[in-house]
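Below are the sequence and a predicted model for it; my questions follow.
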Amino acid sequence: MLLNAELYVRDLPGQLVGSLEPISMVDGNIIGVVHDRERNINQRIMVSVTFEVANSKKLEELKAIWKSRDIIISKMGSVYQTCTREFMMVGKFNATYIENLIEEASTIVNLESTDVGYSSKNQSSDKRTAMITAEVRCKEDLDKLDEFFADACHRDNMLYIRGL
């Protein structure tokens, strides 16, 4: 399990180490730490730590250790990685077409985010260029999205370029 916790520890020497050590005590692995002395509440400072633990039992052990050490857990949540790819389309379309395409794509894969930019019509032709940047949770979803955009471009007689 990959997690991020926002902890508040007393602003005293040794408290940062005291908040991180329990992660290794439950066979966890620290990925990253941000120690923010500017976020001071009731003489406690914020420590944001991203870490891995094997399972929920180990996580509960970790929480118990933090509680016994008077470490306040302000927030805790899962962290997930995303995959991003860019897709380019050249052809005759308008903004509504692209919006509908993105909406249809979102029924096939879980889009974490999309960013769309497109050119205005070329004076010499009705063709435009669209650049779509999509962020999803796994590579398999990128492959599904690639197939979806390729099929749509083939169907609508547009040039398709992926993975720029």
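Great, that's in hand. Numbering: from 1, shown residues only.

can we go C-alpha only for contacts and neighbour counts from here?
Fine.

So in that sheet, which strands flank the longest strand anywhere in the chain, and in what orientation?
Secondary structure of the chain per DSSP state E: the longest strand is strand 29-41. Using DSSP bridges, the strands paired with strand 29-41 are strand 44-52 (antiparallel).

and the very next helix or strand once past the partner strand, how far from the chain's centre?
Downstream of strand 44-52, the first helix or strand assigned by DSSP states H and E is helix 56-68. How far helix 56-68 lies from its chain's middle: 26 Å, per Cα atoms, centre = their mean, to the nearest Å.

Ok, stretch 143-152 next?
Mean C-alpha position of stretch 143-152 versus that of the full chain (Cα atoms, centre = their mean) differs by 22 Å.

ok, now stretch 81-93?
Centroid displacement of stretch 81-93 relative to its chain, using Cα atoms, centre = their mean, is 18 Å.

Which residues are in contact with the closest residue to Asp36 other than its chain neighbours?
Excluding the flanking residues, the one nearest Asp36 by Cα to Cα, 6 or more residues apart in numbering is Met46, at 5.4 Å. Going by Cα atoms under 8 Å, 6 or more residues apart in numbering, Met46 touches Glu6, Leu7, Tyr8, Val9, His35, Asp36, Arg37, Arg39, Asn40.

beta partners for Met46?
Going by DSSP bridges, Met46 forms beta bridges with Tyr8, Asp36.

quick revisit: Produce a ChimeraX select command limited to the buried residues of the contacts of Met46.
To isolate the buried ones among these in ChimeraX, judged by 16 or more other Cα atoms under 10 Å, type:
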select :6,7,8,9
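
Among the contacts of Met46, show me the least confident.
Least confident entry in these, by pLDDT: Arg39, with 77.

quick one: contacts for that residue?
Arg39 touches Ile45, Met46, counting by Cα under 8 Å, 6+ apart.

For Lys57, see how far away it is.
Going from Arg39 to Lys57 by Cα to Cα, to the nearest Å gives 30 Å.

Walking through the chain, point out its helices one by one.
For the chain, the helices defined by DSSP state H cover 15-25, 56-68, 95-105, 139-155.

Just give the nearest non-adjacent residue to Gln81, would you?
Here the residue nearest Gln81, using Cα to Cα, 6+ apart, is Arg137, at 6.3 Å.

how many other residues sit next to that neighbour?
Residues near Arg137, counting by other Cα atoms under 10 Å, number 16.
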